[in-house]
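> I'll drop the sequence and a predicted model, then ask my questions.
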Amino acid sequence: MGSKRVGNQTIVFQNPPFVLSGYNIVGPKEGRGPLKDYYDQIMGDTYNGEKSWEKTEAKMLETVLTGAATKAGVPVESIDFILAGDLLNQIISSSFAARQLGIPFIGLYGACSTMALSVALGAMLIEGGYAGKVLCAASSHHNTAERQYRMPTEQGNQRAMYAQWTVTGAGSLLLADSGTGPKVTTATLGRVIDYGETDTNNMGAAMAPAVADTIINHFQDLNRQPDYYDLIVTGDLGMIGLQMVKEILKKSNLNMGKNFSDCGVMIFSPKQDTHAGGSGCGCSAVVLSGYILNKMNSGELKKVLLIGSGALHSPTSALQGESIPAIGHAVSVEMI
């Protein structure tokens, strides 16, 4: 397998790709949250001038893809690939955004782990010499996701207290084989794990075992301890899923310390009444491209591990009573 593969599931990049820039856009609710100062654009409403929420989400992705290129001073036409995904059927937000840009497109679906997956695969393309510049992105929209996966938004169903709020947001990173800034140093690709959870409101519980498995393998493969990183964040486990992961890791003798959190916990304040926190592809995408990248470029953070969390079910599988398989993908970003 060569020296780039380490242990069970981890790839160590010998020539780590640079993160040249990041760009994000969020909805009005997210724009009132604790991370409001780290967003490039905050929409005034959930339509943002479009005729449907689906059109809005596609436009959000197009905005962050072009925004990351513009911020880095890189012509869009010089980018080799777009790697992007979302939550909608046939990942239409991503493909509809990509059709506007004329760049070779690799559509991805890892549910809410898609941002971490796109960064991992983008780094592999660059490390392997198959690309010089890659745009990695993901998006979600609260209203498009709710009516696809749960209930029509017009119905006004009461949400379970352990449910999470799908983030309206899109984020992108521009990776390159040369430049300045943080580097993507490792990727630990996850296994699909299913502990039998069937409640589609309880995403944190469904995803926690898979995320814990990836974290355990990451540290075992690299012979590291959690204190190697300044910040370790999961993608969108929310408050309940994060607590479950902590308990699982404790049983594996991994003390995650105080620098362990979740993007879904960070993105909203308790006063915003999202119940168990945020979720969705856009959740980790906007936190990574905004808060984390800003903190790294300012020198406040030097080593960060993001573990994207994804629930790999569909509305059909849920209605047929299938349990929810889940996955976690980890990428480390370091100032080296």
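In hand now; what should we look at? Numbering: from 1, shown residues only.
> can you give me the strands for the stretch 51-200 of the chain?
For the stretch 51-200 of the chain, the strands defined by DSSP state E, counting those that start in this stretch occupy 81-85, 105-107, 133-140, 165-166, 169-176, 183-188.
> nearest to Asn24, of those?
Across the strands of the stretch 51-200 of the chain, Asn24 has its closest neighbour in strand 169-176 (4.0 Å, CB to CB). To be clear about C-beta, it is placed using only N, CA and C from the backbone, and glycine gets the same treatment.
> can you pull the buried residues of that closest one?
Across strand 169-176, burial judged by 16 or more other CB atoms under 10 Å covers Gly169, Ala170, Gly171, Ser172, Leu173, Leu174, Leu175, Ala176.
> ok, stretch 48-55 next?
So for stretch 48-55, counting by 16+ other CB under 10 Å, buried means Asn48, Trp53, Glu54, Lys55.
> could you find the closest non-adjacent residue to Leu244?
For the record, residue 244 is Met, not Leu. Ala208 (3.9 Å; CB to CB, 6 or more residues apart in numbering).
> er, His141 I mean
Once flanking residues are discounted, His141 sits nearest to Glu57: 4.2 Å by CB to CB, 6+ apart.
> repeat for Ile292
Distances taken as CB to CB, 6+ apart put Val304 closest to Ile292, at 5.6 Å, once the chain neighbours are dropped.
> and the one you found, what pLDDT?
At Val304, the pLDDT value in this model is 98.
> how does the chain divide up, domain by domain?
Following the assignment in automatic domain parsing, the chain carries domains at 17-176, 183-334.
> need those domains in TSV with distance to Lys4, can you?
Output for those, formatted as TSV (distance: least, CB to CB, whole Å):
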stretch	distance to Lys4
domain 17-176	7
domain 183-334	10
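> buried residues, the lowest-mean-pLDDT helix or strand in the chain. List them.
Using mean pLDDT, DSSP states H and E, helix 142-149 stands out as the lowest-scoring helix or strand of the chain, at a mean of 84. Applying a neighbour-count criterion of 16+ other CB under 10 Å, one finds His142, Asn143, Thr144, Ala145, Glu146, Tyr149 buried in helix 142-149.
> how about the nearest residue to the second one, chain neighbours excluded?
Leaving aside its sequence neighbours, Asn143 sits nearest to Trp53 (CB to CB, 6+ apart; 4.4 Å).
> just for this structure, where's the confidence low?
Along the chain, the model assigns pLDDT under 70 to residues 1-2, 150-156.
> of the buried residues of strand 169-176, which is the nearest to Gly73?
For the buried residues of strand 169-176, the closest approach to Gly73 (CB to CB) belongs to Leu174, at 10.3 Å.
> how about the contacts made by the closest one?
Neighbouring residues of Leu174 by CB atoms under 8 Å, 6 or more residues apart in numbering: 19-22, 68-69, 71-72, 74, 79, 133-136.
> which residues pair with it across the strands?
On the basis of DSSP bridges, Leu174 is bridged to Ser21, Leu135.
> at which residues are the helices of the stretch 151-300 of the chain located?
203-222, 238-251, 263-266, 281-287, 293-297 (DSSP state H, counting those that start in this stretch).
> show me what the shortest one is packed up against.
Applying 3 or more CB pairs under 8 Å, 6 or more residues apart in numbering; DSSP states H and E, one finds that helix 263-266 makes contact with strand 231-234, helix 238-251, strand 278-279, helix 281-287.
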